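[1] Need the 3D shape of this:
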Amino acid sequence: MRKTIISVMLSIILICSYTVININAKDYNNDDKLLIERANSILDELGTEGEDYLLQESSMDISVPKINMEAYIRSKQEEINTKGNIKNNQLLRKDTISEILKLYPELDVCDLDNWTYGKYYEYDTEQSMKKYLPTDKEIIELSQKGLKVDDAQRLKSTYGSYKAILDRSNDEIKDALEQIYLSDLESAKNLVVQEPLIISKFNSRGPINDPPDNSTTYTMKVGGDGVTYLKYYWCNVSGYKCDWFLEDTNTHRGDNNITYGARANVLFQKLYNTTESYSSESMWGSYSNSRKWPHEAIDFDYGRGSTVYATFSDDPSISGDATLKISKAYYGRIVYVCGTGSYKYTVSLQHVGDRITSGPISYDDPIGSESGYGANSDPYDFASHTHISIRKGDDTTWDVYDKTLDSDNIYSFVYYHLY
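    A predicted model of the protein is given here:
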């Protein structure tokens, strides 16, 4: 008989109460004063006095405090997980290694069977940091605007490119960063850390342990209506970065943070017909600071004008007859249905230029180019990128940003159609 034992240790809400920094609200308008007062109140609850490493220098002399989110989370994890991160000392699973090689094929020459998760995460972090850094010229220009590199990287998720950030007014950038700083403080205030969840399954050969969850740290994000709360987990997705992911995505479960990154890479390479590693500013189910809700898609960035290709299985028994459903300049929408039976999916792309207007669609057909089409049906409404989401069956529903994640798991589509 197969049994499942789930061991979950007591969750502990980590909120302290001390008096810390008071920010001077003088010379600010009423909205700014309220925001700063809110920030002060949260700092009082967090109690970061004497822990200077948790507070960082802000960009553009912004008075809202900037917390080092990764350092804060790490400090709270260490309080609970006194034995350290047990997963970092474990060897990589064989099925996880096969996923890693889809993202980092250069590691095929390494003895990954003897790599620990900790060693892999160090490699992945180093590669991701290199990939998302601004150029030397951009760093100088950002500095002249008063922007720290890490803040510019956060803003890039909102504006799409460093050029777009540099083109914005200082007031707009300040407002955006104030909201990001406050969002981080809110996240820290609502932070919960629990002992790692370990699921043990038994068969005739004995116990089989699933990998521990890759995130035991979550927060309750405030929704756009100020009432609805959604649970997000802090996860480091391979080839991407650390970010908040909606619980429903299961990004925090097991090795999904690695698997999802590998499958995003496979999708990116098929979408642009390239061997380069994927670049993304927002992932499926990640928290959107600008929208205040989970992101319904993956936003890929390969370069304005890059050809975008039809992406589905090259096996006709799986892909069936792909059918174009929508091709519009409004938000640059291209929507097509592909697949048969349980493999049938609707693929929806936005912001696409040079769109095809009629079918049929064959595997690897060019269907448009990366652009920035938006509400004005103009290719420069947005910084160029390709927004791609998936729905099961024949479903051309718009991606609407609200408290629910309505699109389906894009990584399942990649598995069925592109593996």
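[2] Tell me which residues touch residue 166, please.
    138, 141-142, 145 (Cβ atoms under 8 Å, 6 or more residues apart in numbering). Placement of C-beta: from N, CA and C, glycine included.
[3] rerun at 10 Å
    134, 138, 141-142, 144-145, 147, 152, 159, 173 (Cβ atoms under 10 Å, 6 or more residues apart in numbering).
[4] So which of those residues sits lowest on pLDDT?
    Across the contacts of residue 166, the smallest pLDDT goes to residue 159, namely 89.
[5] Tell me which helix or strand the residue nearest to that one when sequence neighbours are not counted sits in.
    Among residues not flanking residue 159 along the chain, residue 165 sits closest, at 5.1 Å (Cβ to Cβ, 6 or more residues apart in numbering). Assigned by DSSP states H and E, residue 165 belongs to helix 162-167.
[6] as a whole number, average confidence for that helix?
    In the prediction, helix 162-167 has an average pLDDT of 94.
[7] Now the element after that helix, going C-ward?
    Following helix 162-167 in sequence, per DSSP H and E, is helix 170-189.
[8] show me where the stretch 51-200 of the chain has helices.
    With helices called from DSSP state H, counting those that start in this stretch, the stretch 51-200 of the chain shows them at 69-80, 94-103, 117-132, 136-144, 149-159, 162-167, 170-189.
[9] Columns distance to residue 283 on top of these, output as JSON lines?
    Output for the helices of the stretch 51-200 of the chain, formatted as JSON lines (distance: least, Cβ to Cβ, whole Å):
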{"stretch": "helix 69-80", "distance to residue 283": "17"}
{"stretch": "helix 94-103", "distance to residue 283": "14"}
{"stretch": "helix 117-132", "distance to residue 283": "12"}
{"stretch": "helix 136-144", "distance to residue 283": "23"}
{"stretch": "helix 149-159", "distance to residue 283": "10"}
{"stretch": "helix 162-167", "distance to residue 283": "19"}
{"stretch": "helix 170-189", "distance to residue 283": "17"}
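[10] Figure out which of those is closest to residue 356.
    Smallest distance to residue 356 across these (Cβ to Cβ): 27.3 Å, for helix 162-167.
[11] contacting residues for residue 168?
    Neighbours of residue 168 in contact, by Cβ under 10 Å, 6+ apart: 145, 155, 158-159, 174-176.
[12] Residue 115: which of those residues is nearest?
    Taking those together and measuring to residue 115 by Cβ to Cβ, the closest member is residue 155, at 34.2 Å.
[13] What number of residues are in the vicinity of the closest residue in space to the closest one that isn't next to it in sequence?
    The shortest distance from residue 155 to any non-neighbouring residue, by Cβ to Cβ, 6+ apart, is to residue 165 (5.1 Å). Neighbours of residue 165 under the rule other Cβ atoms under 10 Å: 25.
[14] again with residue 101
    15.
[15] if I look at the closest residue to it other than its chain neighbours, how far off is residue 59?
    Among residues not flanking residue 101 along the chain, residue 108 sits closest, at 5.7 Å (Cβ to Cβ, 6+ apart). Noted for residue 108: a distance of 41 Å to residue 59, by Cβ to Cβ, to the nearest Å.
[16] Looking at these two, which one has more neighbours?
    For residue 108 versus residue 59, neighbours defined as other Cβ under 10 Å are more numerous around residue 59 (24 against 10).
[17] For residue 146, see how far away that one is.
    Note on residue 59: its distance to residue 146, by Cβ to Cβ, is 6 Å.
[18] hey, what's in contact with both of those two?
    173-174.
[19] Residue 257: what's it in contact with?
    121, 124, 213-215, 233, 235-238, 240, 242, 245, 250-251.
[20] What is the nearest of these to residue 368?
    residue 240 (24.2 Å).
[21] low pLDDT regions in this structure?
    1-32, 48-53, 82-84, 197-210, 222-228 (pLDDT under 70).
[22] Let's see that with 80 instead.
    1-41, 43-53, 81-86, 195-211, 222-228, 289-292 (pLDDT under 80).
[23] how close does the residue nearest to residue 159 sit to residue 55?
    23 Å.
[24] Likewise for residue 375?
    39 Å.
[25] next one: residue 292
    Per Cβ to Cβ, residue 292 is found 24 Å from residue 55.
[26] pretty sure residue 127 contacts residue 103?
    Yes - assessed by Cβ atoms under 10 Å, residue 127 is found in contact with residue 103 at 8.9 Å.
[27] Pick out whichever of the two has more residues nearby.
    residue 103 (21 against 16).
[28] got the contact list for that one?
    Residues in contact with residue 103 (Cβ under 10 Å, 6+ apart) are 124, 127, 238-239, 258-259, 261-266, 277-278.
[29] try it again with 7 Å
    238-239, 261-262, 265, 277 (Cβ atoms under 7 Å, 6 or more residues apart in numbering).
[30] What values do phi and psi take at residue 234?
    phi -90, psi 110 (degrees, to the nearest 10).
[31] Then residue 355?
    Residue torsions, per degrees, to the nearest 10, at residue 355 are phi -70, psi 140.
[32] Looks like it contacts residue 334 (just checking).
    Yes - with contacts counted by Cβ atoms under 7 Å, residue 355 reaches residue 334, the gap being 5.3 Å.
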